[in-house]
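> here's my sequence, what's the structure:
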Amino acid sequence: MSAYQENFFARGPSPLARLTFFSLVSIAIMIADHRFQALSFVRLGVSAVITPIEQVLRLPGTLAARASIYLVDQQRLASENAALKAQVLDLAAASQQARLIRAEQAYLNALGPASARFADQGVVAEIIRDARNPFARKVVIDKGLSQGMQAGMAVIDGKGVIGQVTAVGMLTAEVTLTTEKDQSVPVMVVRNGVRAIAVGTGRDGTIDLPFIPVGADVQVGDTLVSSGIDGTYPAGLAVATVTVVDKNPAFPFARISAIPAAGTDQQRFVKVLTYAENSKYPRPDVKTDERKPAAERAAGPARRRDGR
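Numbering: from 1, shown residues only. Below is the predicted model of the structure:
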């Protein structure tokens, strides 16, 4: 037999025959599996083999999807966090501004009792800083020449006398407090009308009453108000409260100290009394001897007694 004849007989069934055969076998297997579950064990075995392989093949895609979701969530959380922080800052600023407004209103209301008689006059000013000299009892207010400030004007707060204007700029003015060294305010004791000069000590926020005779009726707790005899401070404004009275018979004068009624460490707003207000309390026509410093007036009788 020739080679051609061998190849012809060795070809087997035709492709169509093969397709028909395998199609019938497949249909028969599906019918058997559907009716009798004949291939359930085969499916379980194949699934046990294929499932891990499928999970491994799907792992990169799963990880990529999760990473994408994580990054999106992080960006969203960061954006929300930034927005919340901005809201917190806004709310904090609004709260601080509200507290400041309430405090300012309270300060302004506190000016009422002490300055009721000057309700229609004077200028309300804000204390903006202390003076540059840390050892001086002075503050700077936000009113100056452009608002009518002049040196010598009295300054009060809601409790009493603060001090007086001693230096004026175009937009600001410097106020010297009653506690500044050698700063003096004519006062009198409310209880009995005893008059004296309150002098700042420059230390510890206190003022002294020098040259008060030992026999003068001044007691701890006495309230001192401005007497008005100097033409700077209107009469009747609270100045200080007596805290120390030391009367030693060996000395002609008592040692008397007092604490100021007003204080810049407690107030932000003050009222500056204009000269128009002070003109209602004119400076008295004092004698030449009364224009001398209090120390010279007190020392005069002593020198006359000594025959000097």
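> alpha carbons only for contacts and neighbour counts from here, please
Fine.
> which residue packs closest to Thr139, ignoring adjacent ones?
That one is not Thr; residue 139 is Val. Nearest residue to Val139, sequence neighbours excluded (Cα to Cα, 6 or more residues apart in numbering): Asp130, at 4.3 Å.
> so who does that neighbour touch?
By Cα atoms under 8 Å, 6 or more residues apart in numbering, the residues touching Asp130 are Lys138, Val139, Val140.
> does the last one sit in a helix, a strand or a coil?
For Val140, the secondary structure call by DSSP: H, G, I helix; E, B strand; the rest coil comes out as strand.
> and the residue nearest to Val139, what are its phi and psi?
Torsion angles at Asp130 (phi, psi; degrees, to the nearest 10) stand at phi -80, psi 160.
> roughly how far apart are it and Val72?
Distance, Asp130 to Val72, using Cα to Cα, to the nearest Å: 54 Å.
> helix/strand/coil for the closest residue to Asp222 other than its chain neighbours?
Setting aside the residues directly before and after it, Asp222 is nearest to Val242 in space (Cα to Cα, 6+ apart), at 5.3 Å. Three-state call for Val242 (three-state DSSP): strand.
> just confirm Ala173 contacts Met153, I think it does.
No. Proximity of Ala173 to Met153 does not meet the contact threshold set by Cα atoms under 8 Å, at 10.6 Å.
> list residues touching both of the two?
Residues touching both Ala173 and Met153 (Cα under 8 Å, 6+ apart): Val165, Thr166.
> before we move on, back to that, tell me how many other residues surround the residue nearest to Asp222.
22 (other Cα atoms under 10 Å).
> could we number from 25 for the rest of this?
Shifting the count to begin at 25 puts that one at Val266.
> show me the contacts for it.
By Cα under 8 Å, 6+ apart, the neighbours of Val266 are Gln243, Val244, Gly245, Asp246, Thr247, Leu248, Ile280, Ser281, Ala282, Ile283.
> ok, of those, which come out buried?
Gln243, Asp246, Thr247, Leu248, Ile280, Ser281, Ala282, Ile283 (16 or more other Cα atoms under 10 Å).
> just to revisit the earlier point, just the ones of the contacts of Val266 in strands?
Members of the contacts of Val266 lying in strands (criterion: DSSP state E): Thr247, Leu248, Ile280, Ser281, Ala282, Ile283.
> and which of these is nearest to Leu83?
Of all those, Leu83 sits closest to Ile283, with 82.6 Å by Cα to Cα.
> same question for stretch 226-244: list its buried residues.
Under the neighbour-count criterion of 16+ other Cα under 10 Å, stretch 226-244 has 226, 229-238, 242-243 buried.
> how about those in CSV, adding pLDDT, distance to Ala106 and secondary structure?
Shown next, in CSV, are the buried residues of stretch 226-244 (pLDDT from 0 to 100; distance: Cα to Cα, whole Å; DSSP: H, G, I helix; E, B strand; the rest coil):
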residue, pLDDT, distance to Ala106, secondary structure
Gly226, 85, 51, coil
Gly229, 79, 48, coil
Thr230, 88, 52, coil
Ile231, 93, 55, strand
Asp232, 94, 58, strand
Leu233, 94, 61, coil
Pro234, 92, 64, coil
Phe235, 90, 68, coil
Ile236, 92, 68, strand
Pro237, 92, 71, strand
Val238, 91, 72, coil
Val242, 94, 66, coil
Gln243, 94, 64, coil
